[in-house]
Each structure stands twice: as structure tokens, then as C-alpha cells.
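Undergrad: Attaching a predicted model along with its sequence, questions to come.
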Amino acid sequence: MDIAIIGSGYVGLVTGACLAKLGNKVICVDNDSGKVSALKRGQIPIYEPGLKELIKGNVKNKRLSFSTSIKDAVKASEVIFIAVGTPDSGNGEADLTGIEHVAADIAINLKSYRLIVEKSTVPVETGEWVKRTITTHIKGKAAFDVASNPEFLREGSAINDFMHPDRIVIGVESKRARDLLLKLYRPLHAPIVVTNIKSAELIKHASNAFLATKISFINAVSRICDIAEADVREVARGMGLDKRIGQGFLNAGIGYGGSCFPKDLEALVSIADKMGYDFKLLKEVKKINEGQKDAIVDKIKGSLWIIKGKTIGILGLAFKPDTDDIRNSPALDLIRLLQREGANIKAYDPKGMVKARGILKKVTFCRDPYLVCRGSDCLFIATEWNEFKELNLLKVKKLLKRPLIIDGRNIYEPEKMRKLGFRYISVGRKDIC
Ligand SMILES: NC(=O)c1ccc[n+]([C@@H]2O[C@H](COP(=O)([O-])OP(=O)(O)OC[C@H]3O[C@@H](n4cnc5c(N)ncnc54)[C@H](O)[C@@H]3O)[C@@H](O)[C@H]2O)c1
């Protein structure tokens, strides 16, 4: 099939490259001409495992190309995915200006039937607005359908998630739209939920809000574990083995972040408010998430006493491992909180430093984790990269001013740390002092 993807970020590029791999001819469009030029030169603007090779192979086979022109993409493609950003507009609502601009641009260029698919995460009823926008701007009498096909990939394992999804959700209003999307996704052999557009939109928001709720739930439990000296990892394991609960998203830590959970939860609260429902549960989920960062700062204060003038080494800046994405990373929030207390910060992340340099001020970025440790008063683990799990901890101990690790991701075993002679403070587990 001939496909266009408008918006070539984490979701757009992965979707484009994977659909090309499935044998379709795909044009990825972006209004950032620098990004498109870089892509044409073979430079991939984001880090996602396997993406560079996948893009390279598909470009070579002429199944994948890049453009800044929505006009050319609409002309060449029967199915057009909208995958632009839908960030928080500042008051909790999703900012849908990108969606509106793209819908209007598509409409102006519609000459014959096209299926326009919302891939971006959008509040329920956005599909209605997309339809209205297209009807307002369309020049001729071309037929079109709007559909919703929310994306569930996770950064860091995006290609595998796209190619082997737990489910594919399709919100449609016509047989033609349904048949096109079923044909497109048939090669993935995944369960497909076919529903209406509003339900599909809501499935995505509700899924992300539910996962955020799971994280806040276990973080709240970790606070009880801290006081009772129970072990939150054991509690989570014991809970998660119950199939009704499941193991996923039960890792206590420094709270959820990233470009999706915080804004999607806010957007759902906001649209619910607009519709007259006060989604108090989700407001509390957000509060617990924010409180978790304060609790971590308290742990650092509790082990260092005075933070002002101390040097804190931070391992991890990305919001999760295997990505360079630092948008809404809790690591960055913590760095800012610690700087406000007067700490000097040294930091390292395997992939996130290029982007972090443009955002963080007064941080000493180091080439490797051991340089972060050298002369620091303590080490703080903010992201659970495998590289940090495999550190030479005896070397770490020698380089630190004092053998103190505060582990915001519970990546080490407390007993092992005790034997190595560390003071080891983690989340929801007994401190090793
Ligand atoms: N990142 C994820 O893990 C993830 C997962 C599932 C769903 N989503 C959703 O997918 C959407 C995209 O997320 P992302 O992380 O890929 O965002 P992103 O910021 O990485 O990419 C968005 C791209 O759209 C481009 N763009 C913006 N306005 C445009 C316009 N008018 N015309 C053409 N291009 C335009 C931007 O330049 C950017 O390259 C969001 O709604 C997000 O919530 C993201």
C-alpha cells in the first residue's frame, strides 16, 4: 500500500520504517526541514535500538522516503497517518494545534479518496474535530474517511512492540476504512480490536492512565515498606504473580515520566472535567507521583545531612533505559530539586547527554560512570540502564568520597551492597547503613 506518515518523531519514524519493512511504500513527512535533510543524509535524529539499520535498509529498497511536503505525500498515498506531537498545552489540555494544521493541509490537497488516521494520542472526540476541519478546508468533492489507530509502542523496544503488538486498536466509521486498516495490519498476526473512533481514542488514554496508576500504586506501597521495613520488590512480585494483577509496571522508583504518561493522564483528567466528571483518582495518581520525587530528595538529605555544597553524582538522565528521550524525565526534575538545595551535579547517561546538555544548566557531564563517581559525595541511580547494573562497584567505592549509593531504581541487591561495605539507600527496602 502507499502510505504517508505526517510527523517523523519517535512514533512516526518507527511506524514508517516498520510499515515499509512489511512491504508498503512509505513517505515520512515532517515540517522540521533540518530533520528531513538529516534523514535524507542517513542521519537518524533519535536513538531507538535497531531503527537506524531498519531505515537504511528500507531507503535502499526504495520503500521509504522523507519529505517536507504534505502535498506530495497526500498525492502519493491512500492512507495518511497523523503522528505529530500532542504535548500538554500548559493547563493540562492536550495541545492539538499540530493535528489541526495537518488536517487542514491534508484537506487542501485532497483530490480523491484518502483515509486519514489519527496515530497521535488524542482526547476522545478529536476525530470529530479532524472530520470538521477537513470538511471546512476541502476544495473539491473528494471522499475521505477518518480513523483512529492509537500507538502503544514503548521507546527502547519500539520496533519489536510495533511488529509484535499485544493488540492493534482500530476505530472506524466505514467498511472501506476498516478494510484498508485490516489489510495493512494483517501481516502482523495480532489481535485486532475494531471499534468506533471515540472508543479507540479513549482506549489509548485509559491504558496510559491505568499504567501510571499502577506505578503510583506501587510507589505508595513503597512508602509503607520504607516505614515498616518490608521489601517492596517482594511485595510487587507476590502481587504480580496473580494473573489478574500482572508483573508489569509494579517497579517502585522515582516516579513515572517521559513524553506520554504525565501529559496523557493530564489530558484525560482535563477532558473528563470538561465533560462534567471529576476524575479524582487520576488527580491523586499525579500527586503521588510528584510526592515520590520529594521523598527521594528527603532520602538524599537524610543520608548526606546538608546538601548545599555537596557533589552528587547522577547516573541516568533518560526517562527510561534504551532511549535518548529526556522529555519529562524524573531524573531531570530531581537534578533541579537538588540544585535548588545547593548541590553540585555531575551526570552521565549512555544516550541522553546530547539532549540534556541543551536543557540542564550548571551540570558537569562526564564521559563515563566512573568519572561521575570520582570525588562525589554520593551516587544516585536515576535510570536503570544495564550498564549501571554491571558497574565495578569496588572501583565505584574507591572513587566516591564516601561509600554512599542512593538507588532510585532498586537495581542492586541490598545484601550484596552491605558485603561490599556501602551505605545503600533504595526505594521501599530496608536501608543498609
Ligand atoms: N513517544 C512514544 O513513546 C509514544 C508512544 C505512543 C504514542 N505516542 C504519541 O504519538 C504522538 C507523537 O509522539 P512522538 O514521541 O513521536 O513525538 P515527537 O515529538 O518525537 O515527534 C513529532 C514530530 O512531528 C513533527 N511535527 C509537528 N508538527 C508538524 C506539522 N504540522 N507537520 C509535520 N510535522 C510536524 C515534529 O517536528 C516532530 O518531528 C504523540 O501524540 C504521542 O503522545 C508517543
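TA: Perfect, thanks for sending it. Numbers count the residues shown, from 1 in each chain.
Undergrad: interface residues of the stretch 151-300 of the chain facing the ligand?
TA: By Cβ under 6 Å from any ligand atom, the residues of the stretch 151-300 of the chain that approach the ligand are Glu151, Leu153, Glu155, Ser259, Cys260. Every C-beta, even on glycine, is put in place using the N, C-alpha and C of the backbone.
Undergrad: Let me know whether the third one touches Glu48 as I believe.
TA: Yes: proximity of Glu155 to Glu48 meets the contact threshold set by Cβ atoms under 8 Å, at 6.6 Å.
Undergrad: Now list whatever residues contact both of these two.
TA: Counting by Cβ atoms under 8 Å, 6 or more residues apart in numbering, the common neighbours of Glu155 and Glu48 are Tyr10, Thr323.
Undergrad: Mind pulling up the pLDDT for the residue in the chain positioned nearest to the ligand?
TA: Proximity of the chain to the ligand (Cβ to the nearest ligand atom) peaks at Gly9, 1.8 Å away. For Gly9, the model assigns a pLDDT of 97.
Undergrad: Repeat that for Phe319.
TA: Predicted confidence (pLDDT) for Phe319: 97.
Undergrad: Also Thr213?
TA: Per-residue pLDDT puts Thr213 at 98.
Undergrad: can you pull out the helices in the stretch 101-250 of the chain?
TA: 126-137, 158-163, 175-185, 197-228, 232-240 (DSSP state H, counting those that start in this stretch).
Undergrad: Can you add pLDDT and neighbour count and give the residues of the stretch 151-300 of the chain next to the ligand back as JSON lines?
TA: Shown next, in JSON lines, are those (pLDDT from 0 to 100; neighbours: other Cβ atoms under 10 Å):
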{"residue": "Glu151", "pLDDT": "98", "neighbour count": "23"}
{"residue": "Leu153", "pLDDT": "98", "neighbour count": "19"}
{"residue": "Glu155", "pLDDT": "96", "neighbour count": "25"}
{"residue": "Ser259", "pLDDT": "95", "neighbour count": "23"}
{"residue": "Cys260", "pLDDT": "97", "neighbour count": "24"}
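Undergrad: mind saving the C-alpha coords of stretch 414-421 as CSV?
TA: Output of stretch 414-421 as CSV, limited to C-alpha atoms (Å, rounded to 0.1, in the frame of the first residue of the first chain):
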residue,chain,number,x,y,z
PRO,A,414,21.0,-4.7,49.4
GLU,A,415,22.8,-7.7,50.9
LYS,A,416,25.5,-7.5,48.2
MET,A,417,25.9,-3.8,48.9
ARG,A,418,26.3,-4.5,52.6
LYS,A,419,29.0,-7.0,51.9
LEU,A,420,30.8,-4.5,49.7
GLY,A,421,30.8,-2.0,52.5
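Undergrad: For it, buried residues please.
TA: Pro414, Met417, Leu420 (16 or more other Cβ atoms under 10 Å).
Undergrad: so the last one touches Leu394, yeah?
TA: Yes: here Leu420 lies in contact with Leu394, judged by Cβ under 8 Å, at a distance of 6.8 Å.
Undergrad: rewinding a little: please name whichever of the helices of the stretch 101-250 of the chain is nearest to Asn289.
TA: Of all these, helix 197-228 sits nearest to Asn289, with 5.4 Å by Cβ to Cβ.
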